[in-house]
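Chemist: got a sequence here, can you model it:
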Amino acid sequence: MSNVEPVPLETICTAEPGHEIQILPPRIVPLGGPRAMDVRRVLPQRKRSLIGAWCFLDSYGPDDVAQTGGMDVPRHPHTGLATVSWLFTGQIDHLDSAGNRAVVRPGEMNLMVAGRGIAHQEISTADTTVLHGVQLWYALPEATRHMEHRFIHHVPQPVHGEGSQIRVFIGELSGDDARVETSTPPLLGAEILLEPGAVLELDVQAGFEHGVYLDSGSLSVDGVAVETEHLAYIGPGRESLRLEVGGDAEPVRLILLGGEPLGEEIVMWWNFIGRTHDEVAAYRAIYQHELGFEAAPSEEILSAAGLSPDDPPRFGPYPDGEPDPLPAPPLPNTRLRSRG
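Modeler: The predicted structure is shown next:
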């Protein structure tokens, strides 16, 4: 999914210490025009920009596609990150500049590792009436952020417990290992369903930060109440998490994220992740040129980012007959900053 905000904010992504359990509210972001589907953005935000390497979490739906048109995100770029698409209801067609065509279905993960650069589009299928799911990004570390792009489709098997069901799509939890290569330090991503009255004790990695995004229902995490569509951040040091649903509450669906603190300086602007203003400016200029929106970037712009006019293309080729691509917004008037 693209960040389609016309004036995207600079995001300084750091793993700053926080409260042991910190409740983060969502921010509403429209994906298009006045009838467009809204998404709830809970990561990044001012109070917290990273959970491990996880740097972006949008949730959407249940969305009546007949009213909003569903998801219609034309081709757009990514660098230095990976996207994880996870649906609860509906289907989305994915197409990228590496030639990967895939359908995102409920309970099946599509992982696109952008590496040095890729472009893709996401459009809900014609037979989708209700769309509901999450879009996640994680930042690639210095060691792998310039790698070539990859695409992985993974179908995790549910792990059933007393009043619970867990699907681990990245990492290890409750004896299940997704065995998906993320090209990052260890990460965790899972969908958990809980019945009314359920209490789930999870053994977790003490070195991980964790985030619990509550999609539906009423939940407490280690005794702290979490509102629907909010994210609970849990700092490193815990070896277990207690998830509890009231006996008279409705069933719960949540997304559990985790990972070792990234410990690197990154700058995220629009759909690019780099390490400096100059890198992000160069990625934008290259995308604008490769897609035909602007003239070729100057050698000065490229050399400031350590790039060369002789570098191979990053965001193409692309099949004919697809929707027009999204142009990049203008850069802000001030330099983007980074810190560790």
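
Chemist: list the buried ones in stretch 23-31?
Modeler: 23-24, 26, 31 (16 or more other Cβ atoms under 10 Å). The way it works is simple: take the backbone N, C-alpha and C, and place the C-beta from them, glycine included.

Chemist: which residues touch it?
Modeler: With contact meaning Cβ atoms under 8 Å, 6 or more residues apart in numbering, stretch 23-31 is reached by 3-5, 36-43, 45, 47-48, 58-60, 71-73, 224, 226-227, 229-233.

Chemist: so which of those are in strands?
Modeler: 38-43, 58-60, 72-73, 224, 226, 231-233 (DSSP state E).

Chemist: which one of those residues sits closest to Ile92?
Modeler: Using Cβ to Cβ, Val73 comes nearest to Ile92 of the ones in strands among the contacts of stretch 23-31, at 9.1 Å.

Chemist: quick one: the closest one from Asp58, how far?
Modeler: According to Cβ to Cβ, to the nearest Å, Val73 stands 11 Å off from Asp58.

Chemist: any idea whether Ala282 is helix, strand or coil?
Modeler: Following DSSP: H, G, I helix; E, B strand; the rest coil, Ala282 is assigned to helix.

Chemist: just to revisit the earlier point, can you select the buried ones among the contacts of stretch 23-31 for me in ChimeraX?
Modeler: To isolate the buried members of those in ChimeraX, using 16+ other Cβ under 10 Å:
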select :3,4,36,37,39,40,41,42,43,45,48,58,59,60,71,72,73,226,230,231,232,233
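
Chemist: could you pull out the buried residues of stretch 252-272?
Modeler: Within stretch 252-272, the residues that count as buried by 16+ other Cβ under 10 Å are 252-262, 264-272.

Chemist: how long is it end to end?
Modeler: From its first residue to its last, stretch 252-272 covers 33 Å (Cα to Cα, to the nearest Å).

Chemist: for the stretch 51-200 of the chain, which spans come out with low pLDDT?
Modeler: For the stretch 51-200 of the chain, no stretch has pLDDT under 70.

Chemist: quick one: residues contacting Val226.
Modeler: So Val226 contacts 23, 212, 214, 219-220, 232 (Cβ under 8 Å, 6+ apart).

Chemist: out of the residues you listed, name the ones that lie in strands.
Modeler: Of the contacts of Val226, the ones assigned to strands by DSSP E are 23, 212, 214, 219-220, 232.

Chemist: ok, these vs Leu87, which is closest?
Modeler: Leu214 (17.4 Å).

Chemist: that closest one bridge partners, please.
Modeler: When bridges are called by DSSP bridges, Leu214 pairs up with Leu254.

Chemist: what pLDDT does it get?
Modeler: With respect to pLDDT, Leu214 scores 98.

Chemist: ok, it to Glu227 distance?
Modeler: 7 Å.

Chemist: what is the burial count for the closest residue to Ala282 other than its chain neighbours?
Modeler: The shortest distance from Ala282 to any non-neighbouring residue, by Cβ to Cβ, 6 or more residues apart in numbering, is to Ala305 (3.7 Å). Per other Cβ atoms under 10 Å, the neighbour tally for Ala305 reads 20.

Chemist: can you check Gly306 too?
Modeler: Residues lying near Gly306 (other Cβ under 10 Å) number 11.

Chemist: can you tell me the SS state at the closest residue to it other than its chain neighbours?
Modeler: Nearest residue to Gly306 in three dimensions, chain neighbours excluded: Glu279, at 7.8 Å (Cβ to Cβ, 6+ apart). Glu279 carries the three-state label helix when classified by three-state DSSP.

Chemist: ok, the residue nearest the centre of the chain - contacts?
Modeler: By Cα atoms, centre = their mean, the chain has its centre lying nearest to Leu136, at 1.8 Å. Shown in contact with Leu136 (Cβ under 8 Å, 6+ apart): 54, 56-57, 83-86, 189, 255, 257.

Chemist: Throw those residues into JSON lines and include secondary structure and distance to Asp64, thanks.
Modeler: Listed next are the contacts of Leu136 as JSON lines, based on DSSP: H, G, I helix; E, B strand; the rest coil; distance: Cβ to Cβ, whole Å:
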{"residue": "Trp54", "secondary structure": "strand", "distance to Asp64": "29"}
{"residue": "Phe56", "secondary structure": "strand", "distance to Asp64": "25"}
{"residue": "Leu57", "secondary structure": "strand", "distance to Asp64": "22"}
{"residue": "Thr83", "secondary structure": "strand", "distance to Asp64": "25"}
{"residue": "Val84", "secondary structure": "strand", "distance to Asp64": "25"}
{"residue": "Ser85", "secondary structure": "strand", "distance to Asp64": "20"}
{"residue": "Trp86", "secondary structure": "strand", "distance to Asp64": "20"}
{"residue": "Gly189", "secondary structure": "strand", "distance to Asp64": "27"}
{"residue": "Ile255", "secondary structure": "strand", "distance to Asp64": "22"}
{"residue": "Leu257", "secondary structure": "strand", "distance to Asp64": "28"}
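
Chemist: between those, which is closest to Glu195?
Modeler: Nearest to Glu195 out of these is Ile255 (Cβ to Cβ; 17.4 Å).
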